[in-house]
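S.K.: here are the coordinates; sequence isn't available:
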């Protein structure tokens, strides 16, 4: 064996010792010929295959093409020896691409290694899948990789590699991974005790959540809880503290993950996030002397500031962030200055009040002259974002001064931003014209066509500006050299409005012609064509210089350029007509105003930068109003209301005057019979937990205040509720019945009609429930409008395997009804005034008699009173009938009165229920709720 190893060593030594490439190639060709012969003869043991494949790999790494050893590498993967298997996997990942036919031969071997109890084999297989996994391999092995990730018996480093392998597969072949269906199981691993696993899984969740926001919505709560444990409670091992900063990489990923979702409305989550952000900012208040610690703290801090801006750009945290950023933009370190300017630009693009940023305007302007171009770019972005009507003249002036010495790579972007700022924040039209013409004069070739097009549009549409613009542009044309863009603007404006200044000294028609025409010889053909159009307009308004203009047309009739020649011929013919000919006057009429349109400059900026934060249109995104902007945005809106007087306004005792918004029928997210599991998973909603007992427990809790909601061998969930007016509180008790802890415990509430009902937890659920213990969660509820679908409680946890329960909470519209007392006369008066359909809901349903053959009046009274209606005694002359009344309280739609009559008939075993209310939706919903527990059909 030692001799054979020396053979490999000698081969490598020979290659390294070759003095010229020809000798190296000769040695390699000789070795490759020997390897081909050995492979062709066969009868090689595993060690010999490994030795020769290793030589093939070394040759490939040197840059030579190899066409041998592929099949032997495939065979080595199946070996039981680690050293042979390792060389086999190395050869497969290096010598084969994802579409190679040989890869089909190794899929079964890789699957076998994934299912092996050896962690080494698992890792080798995962490496191969991540490096060369094509579509076929991903389809065949994705399930096995997912199984390794979620298996409780997998080692920590195997789970980390499995998460990163799934991430690699998803990035290459996203359609192969059933991301939504795996969501809850993958997110549960974010509660793992090992932070290394959590970092890898968080990277995977970030990629999956970007494309499946609803399915991975539960990760929001997990991220907040993990940040709280890291930053506030310091739950981490010493090995994950990087220069005293707890796992900065994980913190950055979690903070960025939270920015994928809109700001949470859950007060418990929001308070924890704000506490975490405040702690991070406090930790960075004083810089450390250690550079590495500073870098880690700054990385976390900048992401925390971005999250604070995302949550609420007017919060005190953002003001604190602005103070910290001011320190960073003055830092001696280039990277810190860059990040400070970049984050401050992000803040300026979204903030309503720029006062805190404007304090450091001088420092930001100085950053334009930083020695690093990337810092200069960020300073430009920040000045663009923080500009408004108050500081526009100062900022634009500084940008124009810097433009003359700016890098050529930066000038085009600067010109575009100066033009946009000048147009958007101009306090006077004269300042706008002066600034844009100075820009055209200073920027030279860096001015795009869009800039001078926009100048022409604004001057044409602003009558008060036309004479001034003509004067200023002519002054620029009097200079010895003028850029072609300025000549174009001058040609257009003087051709249209030169007659407005022709009687003033220094602006005579002849002087206009001389200064403009003197620049034509330095212009390209399209510009000279524009000037010819200017001259034909002057023929119409300046007859005193007609001979000079005709002379120009005559000379251009003989040029080689076809367009110029044709224009000159046509214009010469027009100019040669009689003076009283109206054709020339009609052709040369003044151009009408341009129709209102979005500035082409903004379109150019969007195409240049996409959705980059620093170039966000802050004023448009915040819908700020500014005095005298040059972009006119007109809009109108109308609001209509129903002024119909409801007949029930005359009722007394019950507040029946409100006319709540009628509920529109919408397809239910919880119509589980119509939706597949994958469709529900994509929305982040698991299928409702089914079972006879589950339905029975839920229906009983609809008219009782406490009881069991769910129970099995692992967990018991009970509820206890209380309501007052439109508010309610539901205490949810979750008990662990097992001798092992329930880990990765998560509770979320899905409300299908958030505009009608809100339900939020008071605090974050603990991630672990110890054996034989119980935890309590308080759910705060508010009824805003009538609703039909109860919220769904989703409970997920790990107990060996991952378990998910989706249970309807006993929260229905009747829970917000309060008792009201009415006499017989008052009741029937209101009954008559409300009237029949559509404010009446009525049905007849079968009932069961008790053992003695009588109507079960006790049960009926118990159900009616359980649904919060007050039973009125002595109102109905028939003692078997039940009459009840109540008031439904809602925060948005106010109060709604409800009246009920229940009329059982013993002989036919049927009962008629009638509910009247000022809201037809409320009437039908109460009728449906009360009928169900009383009906014989439901009891059967």
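M.R.: Alright, I've got the coordinates. Note that this is a predicted model, so its numbers are computed, not measured.
S.K.: quick one: stretch 238-247 to chain centroid distance?
M.R.: 30 Å (Cα atoms, centre = their mean, to the nearest Å).
S.K.: show the end-to-end separation of it, please.
M.R.: One end of stretch 238-247 sits 10 Å from the other (Cα to Cα, to the nearest Å).
S.K.: buried set for it?
M.R.: Within stretch 238-247, the residues that count as buried by 16 or more other Cβ atoms under 10 Å are 240, 242, 245-247. All C-beta atoms are positioned from the backbone trio N, CA, C, and that covers glycine.
S.K.: do stretch 211-223 as well
M.R.: For stretch 211-223, the neighbour count (16+ other Cβ under 10 Å) marks 212-213, 215-223 as buried.
S.K.: are we agreed that residue 717 is in a strand?
M.R.: Yes - under DSSP: H, G, I helix; E, B strand; the rest coil, residue 717 falls within a strand.
S.K.: contact partners for residue 373?
M.R.: By Cβ atoms under 8 Å, 6 or more residues apart in numbering, the contact list for residue 373 reads 407, 409-410.
S.K.: let's see it at 7 Å
M.R.: Residues in contact with residue 373 (Cβ atoms under 7 Å, 6 or more residues apart in numbering) are 407, 410.
S.K.: sorry, back to before: closest to residue 487 among the buried residues of stretch 238-247?
M.R.: Among those, residue 245 lies closest to residue 487 (Cβ to Cβ), at 59.4 Å.
S.K.: hmm, that closest one is touching residue 295, no?
M.R.: No - the criterion here is Cβ atoms under 7 Å, and residue 245 misses it with residue 295 at 9.2 Å.
S.K.: residue ranges with poor pLDDT in this protein?
M.R.: The chain contains residues with pLDDT under 70 at 1-6, 579-580, 597-685, 938-940.
S.K.: what's the longest strand in it?
M.R.: If you go by DSSP state E, the chain has its longest strand at strand 894-905.
S.K.: buried residues, that strand. List them.
M.R.: Buried residues in strand 894-905 (16+ other Cβ under 10 Å): 894-904.
S.K.: between these, which is closest to residue 498?
M.R.: If you rank these by distance to residue 498 using Cβ to Cβ, residue 894 comes first, at 68.0 Å.
S.K.: and that closest one, what are its bridge partners?
M.R.: Under DSSP bridges, the beta-bridge partners of residue 894 are residue 890.
S.K.: how near is it to residue 826?
M.R.: To residue 826, residue 894 is 21 Å away according to Cβ to Cβ, to the nearest Å.
S.K.: now do residue 804
M.R.: 51 Å.
S.K.: on that earlier part again, can you put the buried residues of stretch 238-247 in a markdown table and add distance to residue 515?
M.R.: Rendered in a markdown table, the data for those read as follows (distance: Cβ to Cβ, whole Å):
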| residue | distance to residue 515 |
| --- | --- |
| 240 | 73 |
| 242 | 68 |
| 245 | 66 |
| 246 | 70 |
| 247 | 69 |
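S.K.: which pair of those spans the longest distance?
M.R.: With Cβ to Cβ as the measure, no two of those lie farther apart than 240 and 245, at 9.7 Å.
S.K.: what is the nearest of the buried residues of strand 894-905 to residue 695?
M.R.: Closest to residue 695, out of all of the buried residues of strand 894-905 and judged by Cβ to Cβ, is residue 902, at 23.4 Å.
S.K.: what sits closest to that closest one if chain neighbours are left out?
M.R.: residue 882 (4.1 Å; Cβ to Cβ, 6 or more residues apart in numbering).
S.K.: residue contacts, the residue nearest the centre of the chain?
M.R.: The centroid of the chain falls nearest to residue 260 when counting by Cα atoms, centre = their mean (4.7 Å). By Cβ under 7 Å, 6+ apart, the contact set of residue 260 is 209-210, 213.
S.K.: helix/strand/coil for it?
M.R.: coil.
S.K.: from residue 741, how far off is it?
M.R.: In terms of Cβ to Cβ, residue 260 sits 30 Å off from residue 741.
S.K.: what does residue 97 give?
M.R.: On the measure of Cβ to Cβ, residue 97 and residue 741 end up 47 Å apart.
S.K.: and these two? Which one has more around it.
M.R.: residue 741 (16 against 9; other Cβ atoms under 10 Å).
S.K.: now that one: how far from residue 766?
M.R.: 11 Å.
S.K.: nearest spatial neighbour of residue 278, skipping sequence neighbours?
M.R.: Ranked by Cβ to Cβ, 6+ apart and with sequence neighbours excluded, the top spatial neighbour of residue 278 is residue 317, at 6.4 Å.
S.K.: quick check: buried residues in the helix or strand hosting the one you found?
M.R.: Element membership for residue 317, per DSSP states H and E: helix 316-328. Neighbour-count burial for helix 316-328, counted by 16+ other Cβ under 10 Å, picks out 317-318, 320-322, 324-326, 328.
S.K.: after that helix, which helix or strand is next?
M.R.: Scanning forward in sequence from helix 316-328 by DSSP H and E, the next helix or strand is helix 334-350.
S.K.: what element comes up after that following helix heading to the C-terminus?
M.R.: Counting by DSSP H and E, the element that comes right after helix 334-350 along the chain is helix 355-358.
S.K.: who touches whichever helix or strand comes after that following helix?
M.R.: Next in sequence after helix 355-358, counting helices and strands by DSSP H and E, comes helix 361-366. With contacts defined as Cβ under 7 Å, 6+ apart, helix 361-366 is touched by 329-330, 379, 382-383, 391, 398.
S.K.: top of those residues by number of neighbours, please.
M.R.: Counting neighbours by other Cβ under 10 Å, residue 382 leads those with 30 neighbours.
S.K.: surely residue 232 touches residue 278?
M.R.: No - here residue 232 does not reach residue 278: they are 9.8 Å apart, not a contact under Cβ under 7 Å.
S.K.: more neighbours, the two?
M.R.: More neighbours surround residue 278 than the other of residue 232 and residue 278, with 17 against 14 (other Cβ under 10 Å).
S.K.: give me the element that one is part of.
M.R.: Per DSSP H and E, residue 278 falls inside helix 267-283.
S.K.: same thing with residue 87?
M.R.: helix 82-95.
S.K.: buried ones in that helix, by neighbour count?
M.R.: 84-93, 95.
S.K.: before we move on, what about stretch 333-353?
M.R.: Neighbour-count burial for stretch 333-353, counted by 16+ other Cβ under 10 Å, picks out 336-351.
S.K.: what does that stretch contact?
M.R.: Contacts of stretch 333-353 from elsewhere in the structure, counted by Cβ under 7 Å, 6+ apart, are 298, 302, 305-306, 309, 313-314, 318, 321-322, 325, 328-329, 331, 354, 357, 367, 370, 372, 374-375, 378-379, 381-382, 385-386, 613-614, 616, 618, 622.
S.K.: again, but for stretch 264-284
M.R.: Residues outside stretch 264-284 that contact it (Cβ under 7 Å, 6+ apart): 220-221, 224, 227-228, 231-232, 297, 300-301, 304, 307-308, 311, 317, 320-321, 324, 760-764.
S.K.: number of residues surrounding residue 130?
M.R.: If you count neighbours by other Cβ under 10 Å, residue 130 ends up with 19.
S.K.: quick check: it touching residue 167?
M.R.: No - using Cβ under 7 Å, residue 130 makes no contact with residue 167, being 8.6 Å away.
S.K.: on that earlier part again, surely the residue nearest to residue 278 and residue 308 touch.
M.R.: Yes - under the criterion of Cβ under 7 Å, residue 317 makes contact with residue 308 at 4.4 Å.
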